[in-house]
Each structure stands twice: as structure tokens, then as C-alpha cells.
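S.K.: just a sequence and a predicted model for now, questions to come.
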There are 2 protein chains.
Amino acid sequence: MAEYKVLDKKVIKLSKQIVQMCTAAGSGHPSSSLALVHITTALMYRIMNYDPENPWNTASDRLVLSEGHAVPVIYAAYCDLGGVVGTPERPSKLRFEDAMTLREADSVLDGHPNPAVGFPFFDAATGSLGQGLSVAAGLAAAARLDGCDKRIYCIIGDGEAREGQISEALDFIIDNKLTNVIPIFSANGQGQSDYVSPQQSVDVLTKKLQAFGYDVKVIDGHNWDDIFDALAAKAKSAPIAVIAKTIKGWGVSEFLSSNYHGKPLPAAKMDQAMADLDAKSEELGVKDASDVPGINVTKPEPIARPTVKSIDAGSFTAALEVLGMKDALDKKKLSTRRAYGVALAACGAADQRVVATDGDVQGSTFTNIFAQRFPDRYFEAKIAEQNMISFASGLSAGGRVVFASSFAKFLIRACDQIEMASNSCANIKLVGSHSGVSLAADGPSQMGLCDLAFMRSFARSTRPDGAPALHVLCPSDAVSAFKLTELAANTPGMCYIRTHRPDVDFIYEETETFTPGGFKHLIDGEDICIVASGYMVHLAKKACKLLEDAGLSASLVDAYAMPLKTEEILRIGDDCRGQILVVEDNYVGAFGDEIASAAACSDLGVTVRCMNVQRVPKSAKTPEDIIKMVNLTPTDIAKTAQQMFDKSE
Amino acid sequence: MAEYKVLDKKVIKLSKQIVQMCTAAGSGHPSSSLALVHITTALMYRIMNYDPENPWNTASDRLVLSEGHAVPVIYAAYCDLGGVVGTPERPSKLRFEDAMTLREADSVLDGHPNPAVGFPFFDAATGSLGQGLSVAAGLAAAARLDGCDKRIYCIIGDGEAREGQISEALDFIIDNKLTNVIPIFSANGQGQSDYVSPQQSVDVLTKKLQAFGYDVKVIDGHNWDDIFDALAAKAKSAPIAVIAKTIKGWGVSEFLSSNYHGKPLPAAKMDQAMADLDAKSEELGVKDASDVPGINVTKPEPIARPTVKSIDAGSFTAALEVLGMKDALDKKKLSTRRAYGVALAACGAADQRVVATDGDVQGSTFTNIFAQRFPDRYFEAKIAEQNMISFASGLSAGGRVVFASSFAKFLIRACDQIEMASNSCANIKLVGSHSGVSLAADGPSQMGLCDLAFMRSFARSTRPDGAPALHVLCPSDAVSAFKLTELAANTPGMCYIRTHRPDVDFIYEETETFTPGGFKHLIDGEDICIVASGYMVHLAKKACKLLEDAGLSASLVDAYAMPLKTEEILRIGDDCRGQILVVEDNYVGAFGDEIASAAACSDLGVTVRCMNVQRVPKSAKTPEDIIKMVNLTPTDIAKTAQQMFDKSE
């Protein structure tokens, strides 16, 4: 009881700070924060084993705030605790009053949780709803690989529980027996624009969670006995899920008068709010208690993680030999997706930090090679791509180099999750197979066509450290697929490797090297420069042959990366009568624009034309058929090149 | 019993055709198709009320094949039934042997279901998994608006049931009491790369569906009694959900020997497969029965839909007056998002085909104005954007003009669903609010930054009728927001309207007109041309003032649409010393590239530079603060413009 008085006092202090910091910020979600003030206080001052002075402690329990808009409650507590922010190299300690910097441009207290802006208490950016439980699953899986039994608490709003990704994560946690994840649903019945659906009521949510296989504990989210019983409990066979009945705007009469969402208290009402909380304080019998030491938790001993070193995949030949695939070397022909699978396994053999996940298509992406060799480091995500990506983000925060693979088309389904992972500076290598149109027979529902436009928008924006928010890597043959996979493994942050379905001839020798932003000048001509990437390099090569037969000498560039070193490519174009033709097997927005936008503001006066997929494709039986359908045959390419040459005469 | 014999005979006939058509195509999913052969036969020959000779009959029961890869079974049956394909203007009747054209480039039998290629039996493209049940909900909601009690069957794979969107749709159907939707889960326990998770087993699926609120019927998917009892049953208070235990590869020994997914039978094994099915036929006692008339269903009387006419939203003044918002006219200031809300309500008043859906942010997108005036035509999708978009696709297929609104950031969460809706040529107006950085304080987890790169990739690809797969419309002020909303309502197909949070000054008079692909030449200068859209027009206008003060005469173009008429803009740039500066509040891939890619292959030799968001933003308190953070202030713009001018001297 005396213990509870201490906590009650803390709750009042934090509640006041929450209301004030949001009003000072001029925006924010104080009512959602107050709903969590008891749960947060219990977790951060008593239950979690962690160290606010070392948020990078690898053995710490973690808290994922999936309903990110409620973050002021965490900030208030963490400031009160003198929590450390910044980076391990440049740490700094918060003070209680720092909470008042909420949402300022130079504050680490961002509008929604984000470790990448310098708030390492969190492991991933949240705020776009429904993603936190998947992140928590990733952290738990990483902990298991660490041999660490730390616990991952995840707070989810009841309205947020409607997001399908939550169901995906609930299934995944059961499949993988991740009993150290404790989902806590804050059930206050109020959404942004209306009341929460009966489908997310405490009763229905309880039934659903039980059907999913959880040991459900329904508690009063403002009652200490309930909170400690539920959150300190250890799971038996089934994972625990907690449904906490909470009051949105707890303690402040103005917030309780209606559905008060996402608005700070008007300054004029501040006195009343403070009086409300003082009255609460009196009611709880803690008004006159003296201040008390805050935290009382166990600081765990950090767990050693695998050493960070460069990942050496070895030679392509050796990797193929290990897998009994030497015939590919003889034929000099293999698909980029299969070469990726070979490279992934080689990276996995080289470094145990390398882990992989895939969405029920491991036989098509060739992640299956890794899965068979390293079953402990392979996570089958089933047909649920959104969970897969946010799970990968959690794994990455747990110190892993994560390869997440699916069809390019289906990865894009998780584009919001990819953006949030990018905002988190997660270390994920996305690998999209069956990209472009060469998949042919299955039709556009399986083709990655807008993938590059989406990915490029991140490739051209920068993270806080100045690096690209995402690197795009497009192998054209098996050798480059192998090497670019190794490059991705060694490039910190987000990468997107784009592979294709068909077997293609080798273009490169094993001695070739590849770099971020790079390209290869495959053929040195002088009449026109053709730039291609991935599968299209092979068609462009044939087009060069056709042009040669017609007496034209074409340069051929394999542009395998974005952001691309466009200046050098423009110079090659300049040497080719100022004519560049870019050919792509996707919708607009990728390499063509990358080069055209550079040309349009360059002094060289280079002409850039782009041939890409300009119609929604349909099925065709073979890659040749569909390439014809979208007017990208070698003949089409050669014809356009000839026209450009003729015009340049 | 005699009836069942007839159906058994049909099953054998269709099964043979399924195996043969996939082998002829050289790809496809015969085993998944055979799992559904009894259910499909029962539905298409007996249970559904529809007319294969008129697939556009508005009163017909519908079948949504969510697990689209199993489509050969539908094609086989529809060809057998002489079903009509093509368009109402150019219908044509299939013959049994047309099934053998599966996946050919000029066949309407695409690799996965798609009405847009000329197979109107379906209402939306499927094949990217997990989307069909939402489409079915949309068809059911449209039927309710029609006053029609038709039934919508939806077949979902058990592995597919893992997609979170299925959970979202299950909730939505209960919330909206759409008891005419009958989800049928095909439970054969086999996924693509492995067995289906125990979380999607018949037992757990049953418990989950019951927890969601369904009346669950578990049946043998190859037993006629079971099938007819379950699928012909009428729902009482709770919607019915059927779990059909099916056999993947039913009847063909080769398919049953292992997990056989997504591969046709090798030609060498065809004789054995036919022998297997003949043996089955004998076992069922139908080998020697003579052929029988196929279908025995009720052809419903078509329901009249609201007349298709041009939607007239009236004047902006009148629309504001109706809503008691005339003060905006006096202030000449209003946010584009609120003007959209006004326009939506005006369109809704003008035409009852107009319907709206929103993901729990109606108070922020201002869809709430419509919701309050037309509650029967408003569908609250809650926090579940993927279901919202596919639901919209179904509503659209049911003859509605659908406005689907959320934050731009959250709409992008459904980008795969948007692509599938676009592939279906759905008539959806996506409206993304709080786009760009001007949202400021909430930070990047709520900002639409990559939205335009994604949307543009569709704007520049074409549908089968040659129209853009999507129109992007970016209003800069309240008047243009009103007018562009009306334009979207009258533009068939997919549109994306991008609105902003802050209140902004009026730029246009009510007399102004707007067209697809258009732009407005707001200021006619001669030293440099600045192109902006949306919120950035206001900052660009200020930059022009700064330049004017510095003695420079700048042209200002409000580019409000993609695909954009770039030629005319290049000509304006040509008149401005050949200098164009594009300013954007998003990541790369939008208007800058639209104009630069045109410039790079134009003879005019215009220089195009683009200023956009080149770093991942964080929170800042005000739009001004964040615009400064991303270097897009009027001063920044004027400075770059001056540099361009100086260089052009």
C-alpha cells in the first residue's frame, strides 16, 4: 500500500507534465497518454528490467509503444528518470523539464516515437498504427537468438487493434512461441473520430485473443494490483495478452467531457486541469506525501552480441560448389533470384548476425537454401507481408542483419512498414523477386511494376547521418546478384535488391566489384548510349548487336544502383553524341527519371529518352511474349535508338 | 442422388479440362483449382442466381475468387456454360475449348481474375492475396443501396486467411451487418512453400471466426450434401462463414503425392491424370452416363441503378452557404482538405451514386460533412486502410462513385490494394489529406511523402481503354480543391486528390475551370519559371515576390495534375530564359521528374531543377519550422531561382 502511494504520487506528477507539455507544444495526444499513465509508471519505474542510463543495454526489457501518439507519457517518465538519449558515442541525460521541448525541431522528443532522432529507449519508429506488435516479435526473436530471456512489452490501442497487421503479428507470435512478448491492449473505447467498434470491445477482443491462443488477462488499467499481477506474470504454455480497461483523459475533467482525441488542452483550461489532478491527489491521499526516489528496477547485465565485422560471402564458385550447383558455372546461366539465394546462404555461413524471413514463397525467392541450412535463423512469416517487414525491423533493432524476401509485388504491400523501418534506420535488406514483366504468365497481380518508383523516393532522401534512406540494387546476372547481396549485407541500413524470375546468361566475371551508386560500362560505343538494369540489360545487349549490324556503335551501361552516380553516366552519354536511351521493365519513376532529372539540370545538353512499361500488362505465356506486349523487345529498343541517332545527325 | 450424379459428371469433365488447360498454358495452379471443383460446380451450375449470358446483370449473385490463382476452375466452368465475355458493347460467347487459351496474350482468360481484360464474370482483379473478402463486402454494400438481396460468395484460401486484411474485412462485415456475403475458406492445409500454419487450421479458424461473430459451418468441400446445405443457407442474425475441407489436387494422383503448388502437370503425366479421373468417374458411377444439360439456376431481373449523368457540385459559394461556412468566403482562406469535404457533400447531394468511406479520420479529412448528411452512403472503415480500399473497389464494381479518404500516409498503406483496384479499372477517388511536410508537429509517421512517386507510376501507365491508370489531382487552394473534387467525380477510373492540413489563401475565382492534365499559369514572367503544386504554390508565390523585389520577373505555374501537359510548361520555361525550377513538399518522383523527363528529351533545351524534400523530416512545431528544416522556404526558393537566373545570363 505504501508502495502504491509512491506510485500514485508519481502518476499525478507525470499526468500534470503530460498535460503541460502538450499544451506547450501546441499539439499532441494528452488524453491517450493519460490512459496509459498507470501502466507506464508500473512498467518504467518497477516492472521492466532496464537501465535508463544505458538504453543500449542489450539485455534490457523493451517497451514498444505501438499506439505512438500516446508517447508524451513515456517522454514525461523518461525525463523524470533522467533517461539517456543521443547515441552511444554522444549520450546526454534528460532532465524533467526537457519534456517541455516536445515536438520542437531540435528536440529528440519527436511527435511520435523514433529512435533515429536520438531517442534510443525505443527500437523502431511507430505512429503509423498497427506495427508495434510485429516489432516486438522481432525484438523477442532477436533476444532468443541472444539466449536472453528479456521481456518485450507492447502497448496497442483498441481502435488500432482493427489493423489487420495486429492479427498477423498475433498469429506469428503463437507460431514462433514468442512468449516473452506481452501485448497490452489499452481499451478505452474511443477512436479518433468516433467510438471504437464493438468488434474491438473488451468482450470481443477477449474472445478473439483466446481463439488466437492467448492467455487473456482483462484488467483495470488504473488499478495497481491488476497491473502488477498481469504485467509481472510469466507466461505458461500460451503467451499472455493483457486487455487493460483504461480511461482516455484520466484525471482531467475537460478530457472526460467528450471524445477528446489528439488535441492539447487550451491554455485557459490549464488551471482547472491542475486543480483536477490536485483533487485526484487528495482523493488518493498522496497530496502531502514528500517526494520519493523514483525507480526501483533491476539493471540487467548486457548480453554479448556477435561481433560486428565485414561479411565475406567468399567466391561465387565456392558458394555454388557447396550447394552442388556447379552446373550453373558450366552453363554460365542462372536466375538472379537463385543467385541471391546462394549469396544469402553464403552470407549466413559467414556471419551469424545474418537472419532471414520470407512470406511463404521461399521456394520462389530461393530463401529456402538459407532456411534449410540455418533453420534457427530463418523465420517463416507466412502470407502476411506487413508483419514480416515490421518483424524484420524489430530483429534489426536486436542487432541482426535481416534479409526479408518475397515477390517484389507483395513486398510493396508493406510499403508503409518499409517507410517506418526506413525512418527507424533499420538494417533490413528487402529482396523482391519476380520483378518487372518477365514473370509473364501470372499477370500483373504478381508483377513488381511500381516498386522502383516507390523505392527510389527513399533512395533520394537522407537519414540523420546523411546516408540514403534506402539503397536500390538491381543485379542483371547471377554474379552481380551474388556480389550485390554481399554488398547489401555490408551496407548499413535499408537496401532493396530486385531480382527476376528467368534464368539469364552470366555477364560478369567473378573478379568484378560493385559499389553503392555504381554502374558498369559494358560496351564502349560512340553513337548512342543505352542504359539498362536487371533483366533489361540482356535485351539491351541484343539491341546493341542489332544496332551494330546496322552500322551503329552503341555504348551499354548496366545501372545497377540508386541513388545512381548520374554525372558519370551523363559524361558517357555526352561522348555518344549526347544521346542516352534508358530501358526499364517497370512503370515510370526509376532509372529513366534518375538520369533525366540529372540531365535536365546539367550543362552537357544530353538528351535522355526512356522506354518503360507504359500500359498495365496482362498475362502472356513467355517473357518474350510479354516484352513484345509492352514494346520493349531488342528490336523496339534498337529502333528507338536508331531514331535518336538519326535525329542527332 | 440422380442430381448429384449429374454434378459428379460435370466435376470430372471440368477437372480434366483444368489439368489440360494448365499444361497447355505451361503454368498455372491446377491443384488449387481441383480443390474447388465441387464448390464451383455447385455455385455456378445450381446455387447462384445469375445469367452467364449477361454477366452485367445488376441483380446477379456474384462470386469473388480471392485466392485468384485457382481461377482455372472458374474459367473451365464458364467456358462450359458458354459464358459471355468482353464488354456490353462488344460481347462474345465462350466455347468449352476456349479454356485452352488460358494465359495467352490475346485471351481474356488471364493468369489471375481480372474484369478489366474482358472477363466481366469477376468484379475486381484478385491474385494478390487477402483482398477478395473486402471486395465482396463492397459488392454487398452496393447491393444494399440498390435494394437488392443478391448474395456474394467469396472463396479464400486457408493460407491466404493469414493476411491481416481478411481480419479487417471480417470485422467490417459484422459492423455493417452484410449478411449477404458468404466467405468460404478452402482449407486444404497446404501453402506455396510449406503446410499452412496451425493458426489457419480448421479448428483455430473456426474458433477465430466464431469469436469475430460468424455462424461457422465446417463442411467437406467435396460432399454435395454438405456444400448445398452450407452455401444455400440463409443467414439468421449472424453472417455465415463456411470452412470447406478440401483436397488440393483432388482426383489426380500426381498432385496428391506431395505439396504440389502452382505447377502444371508435365505433359508426360497427362495420360495417368486422365486415367485417374476416369477411375474416379467409375467409382462415382457416372462413367457411362450420357451428357446432361448444364446449368439450372434462376436468372434474376436486373435492378435499375441510378442514372449515369454528369455530377454537378454547383458553385463553391452555394456549397459553403448550405453548410453555414460563408465566413471562409469573407476571409478568402480555407484548407484544401476542408474544401474537399464541402465538395464531397455537394457531389453527394447532386448524385446518389456518390458514396464515401474513411478510416477513422473523418474529422480530419472532413469526410464527416458527407457522413452527417448522407449516413446511408457513408461507410466507416475504422483503422483498416487495406480493407477500405478493396471495399471501395467492390462498391465501385457495384456502380458507385467512391471517395475513399484518409491521411495520405495511411492511404499508401494500401498501395497494393490501390494497384489492384487500378488494374480492375475501379472508379475510386482516393483522397489523401495531411500530405507533404506541412503537417509539421506530428512528424514523418503521419506525413505523405512518397505518395506522389507511387501514384505517378500509375498516372503514366495506361488502362486497356488507353486512359491513364490513375489521375493525380493536387489542389493548391480551396476553390481548386472544390473544383478538382467535382472533376474527379466526373473522371471515370482511379483518381488521387492530395490535400493539405493548413488553411491557405484563395488563389482562384469561382469561375476558374480545371481539366485532367492541366495547370495554371498564375504569374507571367520572363526571367525564370517556377512550377509548384498544392501547398507549395503559396510558398512559390512568396518567392516570386522576393524575386520581384530583387528585380527578377518570375513566371509561376500551378501544376495541379499528373499526367501533366508538360509540353506547354516547357514552352513557358523556354520563354523564361529556358529555366524551370520545380518546388515540391514530397520526396523525389513527382512533378519535378514529370517535367525534367520531358525536358531531357525535348529540343527546347530547357533547364529543369527540382527542390523537394531530400531528408527524412522530424517533428517541428509549425509548418514554417518544418519548411525551414527541409530547405523549402520562399527565401530558399528565391535563392535557387536567382542562382539559376545568374547562371543563364
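M.R.: Now that the structure is in, tell me what you want to look at. Numbering: from 1, shown residues only, chains lettered A, B, ... in the order given.

S.K.: which SSE is residue A:141 in?
M.R.: helix A:132-146 (DSSP states H and E).

S.K.: tell me which other helices or strands that helix touches.
M.R.: strand A:62-65, strand A:152-157, helix A:164-175, strand A:181-187, helix A:385-397 (3 or more CB pairs under 8 Å, 6 or more residues apart in numbering or on different chains; DSSP states H and E). The C-beta positions use only the backbone N, C-alpha and C, and glycine is treated the same way.

S.K.: who are the packing partners of the second one?
M.R.: Secondary structure elements in contact with strand A:152-157, counted by 3+ CB pairs under 8 Å, 6+ apart, are strand A:62-65, helix A:132-146, strand A:181-187.

S.K.: report the angle between the axes of it and helix A:164-175?
M.R.: Orientation of strand A:152-157 against helix A:164-175 (axes from the mean of the first three to the mean of the last three CA atoms, to 10 degrees) gives an angle of 150 degrees.

S.K.: now mean neighbour count and mean pLDDT too, for the helices and strands packed on helix A:132-146, in CSV please.
M.R.: Compiled in CSV, these are given as follows (neighbours: other CB atoms under 10 Å in any protein chain shown; pLDDT from 0 to 100):
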stretch, mean neighbour count, mean pLDDT
strand A:62-65, 26, 98
strand A:152-157, 29, 98
helix A:164-175, 28, 98
strand A:181-187, 28, 98
helix A:385-397, 32, 98
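
S.K.: and the stretch 451-600 of chain A, which of its residues are near chain B?
M.R.: Within the stretch 451-600 of chain A, the positions adjacent to chain B are A:453-454, A:456-458, A:460-464, A:469, A:586-589, A:592-593, A:595-597, A:599-600 by CB under 8 Å from any CB of the partner chain.

S.K.: re earlier: okay if I get the helices and strands packed on helix A:132-146 as a markdown table plus distance to residue A:416?
M.R.: Output for the helices and strands packed on helix A:132-146, formatted as a markdown table (distance: least, CB to CB, whole Å):
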| stretch | distance to residue A:416 |
| --- | --- |
| strand A:62-65 | 17 |
| strand A:152-157 | 17 |
| helix A:164-175 | 9 |
| strand A:181-187 | 20 |
| helix A:385-397 | 8 |
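
S.K.: give the buried residues for stretch A:552-565.
M.R.: A:552, A:554, A:555, A:556, A:557, A:558, A:559, A:560, A:561, A:562, A:563, A:564 (16 or more other CB atoms under 10 Å in any protein chain shown).

S.K.: whoops, stretch A:214-222 was the one
M.R.: A:214, A:215, A:216, A:217, A:218, A:219, A:221, A:222.

S.K.: do stretch A:333-342 as well
M.R.: Residues of stretch A:333-342 classed as buried by neighbour count (16+ other CB under 10 Å): A:334, A:335, A:336, A:337, A:338, A:339, A:340, A:341, A:342.

S.K.: do the same with stretch A:221-229
M.R.: A:221, A:222, A:224, A:226, A:227, A:228.

S.K.: secondary structure element for the fifth one, which one?
M.R.: In this structure, residue A:227 is located in helix A:224-232 according to DSSP H and E.

S.K.: by contact count, what packs against that helix?
M.R.: helix A:37-42, strand A:215-220, strand A:240-245.

S.K.: which of these sits closest to residue B:476?
M.R.: helix A:37-42 (42.4 Å; CB to CB).

S.K.: quick check: mean pLDDT across the closest one?
M.R.: Helix A:37-42 comes out with an average pLDDT of 98.

S.K.: now do it: which elements does it pack against?
M.R.: helix A:2-25, helix A:72-80, helix A:224-232.

S.K.: got a list of what the residue of the stretch 1-150 of chain A found nearest chain B touches?
M.R.: Closest approach between the stretch 1-150 of chain A and chain B, counting by CB to the nearest CB: residue A:127, at 2.9 Å. Residues near residue A:127 by CB atoms under 8 Å, 6 or more residues apart in numbering or on different chains: A:68, A:69, A:111, A:112, A:113, A:114, A:420, B:442, B:443, B:445, B:446.

S.K.: switch the cut-off to 10 Å
M.R.: Counting by CB atoms under 10 Å, 6 or more residues apart in numbering or on different chains, residue A:127 touches A:65-69, A:71, A:110-114, A:420, A:423, B:409, B:442-446.

S.K.: name the element it belongs to?
M.R.: Using DSSP H and E, residue A:127 sits in no helix or strand.

S.K.: please name the nearest non-neighbouring residue to the spatially most central residue of chain A.
M.R.: Compute the mean C-alpha point of chain A, and by CA atoms, centre = their mean the closest residue is residue A:421, 2.3 Å away. Distances taken as CB to CB, 6 or more residues apart in numbering or on different chains place residue A:393 nearest to residue A:421, at 4.2 Å, with adjacent residues excluded.
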